[in-house]
Structure formats: structure tokens, C-alpha cells
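K.L.:
Show me the folded form of this:
(chains A and B)
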Number of protein chains: 2
Amino acid sequence: MTATQSERVTAAVMIIGDEILSGRTQDTNLSAIAKYLATYGVDLCEARVVPDVEQEIIDAVNALRTKYDYVITTGGIGPTHDDITADSIAKAFGVTAPEHPEIMAMLRERWGEPNAARRRMAHVPEGGSLVKNPVQGPPGFQKENVFVLAGVPAIMRGMLEDVGPRLRTGAVVLSKTVRVTGTGEGVIAAPLEAVAKAHPDMSLGSYPFFSPPDVYGANLVLRGRDAAELEVAVNELMAALEEAEANNIELVASPA
Amino acid sequence: MTATQSERVTAAVMIIGDEILSGRTQDTNLSAIAKYLATYGVDLCEARVVPDVEQEIIDAVNALRTKYDYVITTGGIGPTHDDITADSIAKAFGVTAPEHPEIMAMLRERWGEPNAARRRMAHVPEGGSLVKNPVQGPPGFQKENVFVLAGVPAIMRGMLEDVGPRLRTGAVVLSKTVRVTGTGEGVIAAPLEAVAKAHPDMSLGSYPFFSPPDVYGANLVLRGRDAAELEVAVNELMAALEEAEANNIELVASPA
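P.N.:
Numbering: from 1, shown residues only, chains lettered A, B, ... in the order given. Below is the predicted model of the structure:
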């Protein structure tokens, strides 16, 4: 299904894990999911990082699943005592999380009769469907509009491939980046705002960079769903920057 | 001020910016802040990433500032039209954000009479105090228990140095990491849970790693505020892992 041009499809990400909040682990899943969703025209609107605490997971997923079209969670689906995501998501939906027969079969094939710890990995909320894990270990799952994926980045990215085809897709957002080097945002702001006001359906952002001692400037990112309008806005912005006497204005390859 | 041993000091981080949610920019501020707060014994309990949308910023900061002792925000304090953090935080507190005379003086010294865009950087909510910027550009600010910092990492980290001394501090959390390589979490889970249950004041987490095709294992992180108890728990865990016939058990240098 494709949403109509004007209808936004929205999503939130929920990163579950004490290790992100302690600073021990640098999260990279958020940006990977953001870029993946963008290829389906789905807008990532919010992200939350929550600890391995049942009530925090329940409260966050209930807030997000009612506000956005989709929620993608990462982390907490392994066999150890701090892996409480499946049971917490089940509680958020008011259902139980019994052992899923397909996962139990996989575990038995791999381990013989699995021990209590490994059986935890078979917990799937009632009514949930499995999300394939093409990398290593048991699958994730989808419960209504919530997708529950692994936290290990290589495994998470593998699971993501089974998420996209299930999404209602939107019009893909196109973007162009104009870089200005050696000019501060104080000079850039007025031309940028003028172009932003002329194109209310687009989003224009200024992302300053600064490398001590003296390299500075900003990446001006123009984003919109209409290729022709994007082209026009880029040209207007470059002309306006030139008129404002900004230095070193260049159109650069846009990563996202 | 130091909190008593049993009294946790809590904080949340709020990352403001469309560029994080589009996947364009990989956030690194969250882990930098987490590590910084840890040195003051302050527990980072939650993080949210919100877009450059006024109502979203207001709702998030109001939810977080009432739930935690401190909130630290990053991003959205520059001069461009999408820099709406100061005005949004003011609205969240129900006050205005007039031009702060000290920042106006800095801007005049740097630019002569600043243009309208640069004057936006002088907006500080009524009753707020400035947070020093030792790197480049205007300062951040503190309004009650909310600290508003820049988004550019080098500048954010500089500003952070003026945050710590203002915090009520807690007992610092100590941690040790036991690494097990070539053994899955299914074997680790039972010994880990037994030690976790024996030390309810500590937090024990298992963070699996997997590098295709065949390097796998887990970092088992033990965290607690009592050095002697931490030592005991580490020894108990290593003995229990050995008894469970886990491979390659080693105590490794703990990053956080």
C-alpha cells in the first residue's frame, strides 16, 4: 500500500537498554533505522531510549504506539534476566507472551531441549507474528504496529529487511544539501528563512559544523517530496546566499 | 552537595533536531553526556530525540523535568529559523525569552550591532542563568533544572564543563566487565541471574557481541556503588561461569 502524497506515514524508535544510557555503548541503530524508513517514505518522528525496566518500557511503547503509525524497538530480546522486552511489550498490550512453537522448534533443532534461559527467547505476545532473523539466533516479532528487533546492530539490520515490506509506505522524501564554508549562520539565516517561508511544504535545516581552530560553516539541507520544487528551492537558496555575500557556496552530495 | 548513598540523582537527555531523526547525523552527544554525568554519580535514566517542532519540545521537556532531577538538552540554539529551543523551553516554563544583556554585549563585541538572526541567540528564558561556552559562539543557559546546550559536539562538550559543578552529586557508580568469548548467552544466563539475585542493589547486564561469521560472546557488566560488594560479585560470577563450563572468561578493562 502506498499512502497518498499528502498523507504522512510516521514512526518512532524505542531503544531499550541500560548500556546506551550508561554511555557504555554508542547507539548506531537509530540512524540505521531512520535511513531505512526513509527509503519507504516513512518519517521517523521521535525516538526514546529507555532502561531495562518493565514499567518504563510499557509506558513508552504505549505512548508511542498510539501516537505514531509504527514503533520499532531494539534490544532486550536475548536469554538473560535483563532481556525483558517481549514480556513487557505483551503487558503493554494486555496479553501474555507464551512460547512460540516455531521458535521452540528452531531452538530444539539448534540446542536439543533448550534450557530455561533460551526458552525466554521464544516468548512472543499473543497474536504476534515473527520477524525473520537472517543473521544469527532467534527471530524478532511484530505485534500490531510494533516491531521488536534485536539490539546487536548486525542482527538488527538483518531483521529490518523483513520490516519494510510490511509497512504502509509514503512518498519518499528527497533532499539536497548546500554547503557554505567560512560563513557563519548569522549571515545564512535570513536567506534560508526567506526560502523556507516560500516553500512551506518543504523542510529546510541548517546544520553548523566547527572544527577547531578555524574551520566552520553550515550544511543547509532542503527536504521535500516534490523533485521539481526541490530543484527550484535549491536555486533560490544559492542565489539568495550569493546576494548575502556568503562564501564558498556549493551543492554537495546529500547523504540523506 | 552530595546526595546520601541511597538517594539516586537522576537525569534525562533531550536531543533536539530533525537531522538526528532523518539519519543524516549520527548523534554522539548522548554517550558523552552519559559518561560525564556518571563521574558526578548522576544516573541518566531516559533520553528522547525530538524534531524541531515547538509543541514536541514543550511536551517532552515538561514530561522530563517533572520526572527527573535534571534535564540536559542539545541542539537548536543557533541563529537560524529552525533554532527554536530557547523560545520553546521558555514556553514550557510559561515565561518569555527576552534578549539577555550579557549575550547581547558579546554579540556586539563580535559583530557590531547584530542582525535579527544573531539576536535570536541572545534569547534566554526569564530567570535563566548562562552556561559558559569556552569553545566558540554564545553561551547556553540553565533554567531551573533544565540545561540547554549546543548541538555541535565540540561545543556541547565544552559547555558541559560548566554543568557538572552545578549538580547535586550522587555516589559514583563503579563497574567491572567480565567478557566471555565463544559461549552463548544461553549458557551465561543462569549463572548471571543467580549473581544478580544475590546482589539486588547492583545492576548486572549482558551485552552480546557478534562479528560474522563466527566471533560471538557477551560482555557481562556489573555495576554498583559499593567497591567491596562489586569485587565479591565479580568473583562469584567468574566462579559460576566456570562451573557452567563457559569458555574464555576474562576480566577486562571497563570503559564505563
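K.L.:
hey, let's count contacts and neighbours off CA atoms from now on
P.N.:
OK.
K.L.:
ranges for the strands of chain A?
P.N.:
Assigned by DSSP state E, chain A shows strands spanning A:9-16, A:42-50, A:70-74, A:129-131, A:140-143, A:146-149, A:174-181, A:203-211, A:215-224, A:249-252.
K.L.:
Quick check: which of those strands is nearest to chain B?
P.N.:
Taking C-alpha to the nearest C-alpha, strand A:42-50 is the member of the strands of chain A nearest to chain B, at 4.4 Å.
K.L.:
Pipe the strands of chain A into TSV and attach mean neighbour count and mean pLDDT per row.
P.N.:
Formatted as TSV, the strands of chain A follow (neighbours: other C-alpha atoms under 10 Å in any protein chain shown; pLDDT from 0 to 100):
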stretch	mean neighbour count	mean pLDDT
strand A:9-16	25	98
strand A:42-50	25	98
strand A:70-74	24	98
strand A:129-131	18	98
strand A:140-143	23	98
strand A:146-149	26	98
strand A:174-181	21	95
strand A:203-211	20	89
strand A:215-224	20	93
strand A:249-252	15	94
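K.L.:
a markdown table for those strands, including distance to B:Thr169?
P.N.:
What follows is the strands of chain A, written out as a markdown table (distance: least, C-alpha to C-alpha, whole Å):
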| stretch | distance to B:Thr169 |
| --- | --- |
| strand A:9-16 | 26 |
| strand A:42-50 | 22 |
| strand A:70-74 | 31 |
| strand A:129-131 | 43 |
| strand A:140-143 | 40 |
| strand A:146-149 | 36 |
| strand A:174-181 | 41 |
| strand A:203-211 | 32 |
| strand A:215-224 | 36 |
| strand A:249-252 | 45 |
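K.L.:
What number of residues are in the vicinity of the nearest residue to A:Thr80 once chain neighbours are set aside?
P.N.:
Distance criterion C-alpha to C-alpha, 6 or more residues apart in numbering or on different chains; nearest residue to A:Thr80, sequence neighbours excluded, is B:Ala189 at 4.6 Å. B:Ala189 has 22 neighbouring residues, counting by other C-alpha atoms under 10 Å in any protein chain shown.
K.L.:
ditto for A:Pro101
P.N.:
By the criterion of other C-alpha under 10 Å, A:Pro101 has 12 neighbours.
K.L.:
isn't A:Tyr68 right next to A:Thr10, touching?
P.N.:
Yes - taking contacts as C-alpha atoms under 8 Å, A:Tyr68 lies within contact range of A:Thr10: 5.4 Å.
K.L.:
re the thing from before, for A:Asp82, which of the strands of chain A is the nearest?
P.N.:
Comparing the strands of chain A by their distance to A:Asp82 (C-alpha to C-alpha), the top pick is strand A:9-16, with 10.5 Å.
K.L.:
what sits against the residue of the stretch 151-256 of chain A found nearest chain B?
P.N.:
For the stretch 151-256 of chain A and chain B, the shortest gap (C-alpha to the nearest C-alpha) falls at A:Ala189, measuring 4.6 Å. Taking C-alpha atoms under 8 Å, 6 or more residues apart in numbering or on different chains as the criterion, A:Ala189 is in contact with B:Pro79, B:Thr80, B:His81, B:Ala117.
K.L.:
Just name the closest of those residues to A:Val163, please.
P.N.:
The closest of those to A:Val163 turns out to be B:His81 (C-alpha to C-alpha; 35.3 Å).
K.L.:
any idea of the pLDDT on the closest one?
P.N.:
Per-residue confidence at B:His81 stands at 92 (pLDDT).
K.L.:
What's the separation between A:Lys91 and chain B?
P.N.:
When distance is defined by C-alpha to the nearest C-alpha, to the nearest Å, A:Lys91 is 20 Å away from chain B.
K.L.:
Nearest spatial neighbour of that residue, chain-adjacent residues omitted?
P.N.:
Of all residues not flanking A:Lys91 in the chain, A:Ile58 sits nearest, at 7.0 Å (C-alpha to C-alpha, 6+ apart).
K.L.:
Also A:His81?
P.N.:
Spatially, and ignoring its direct neighbours in sequence, A:His81 is nearest to B:Glu193 (5.8 Å; C-alpha to C-alpha, 6+ apart).
K.L.:
what's the answer for A:Tyr216, then?
P.N.:
Using C-alpha to C-alpha, 6+ apart, the nearest residue to A:Tyr216 is A:Phe210, at 4.3 Å.
K.L.:
Just the helices from chain A, written as ranges.
P.N.:
A:18-21, A:29-38, A:54-67, A:85-93, A:101-111, A:116-120, A:153-160, A:185-198, A:227-243 (DSSP state H).
K.L.:
For A:Leu222, see how far away A:Ser206 is.
P.N.:
A:Ser206 is 9 Å from A:Leu222, where distance means C-alpha to C-alpha, to the nearest Å.
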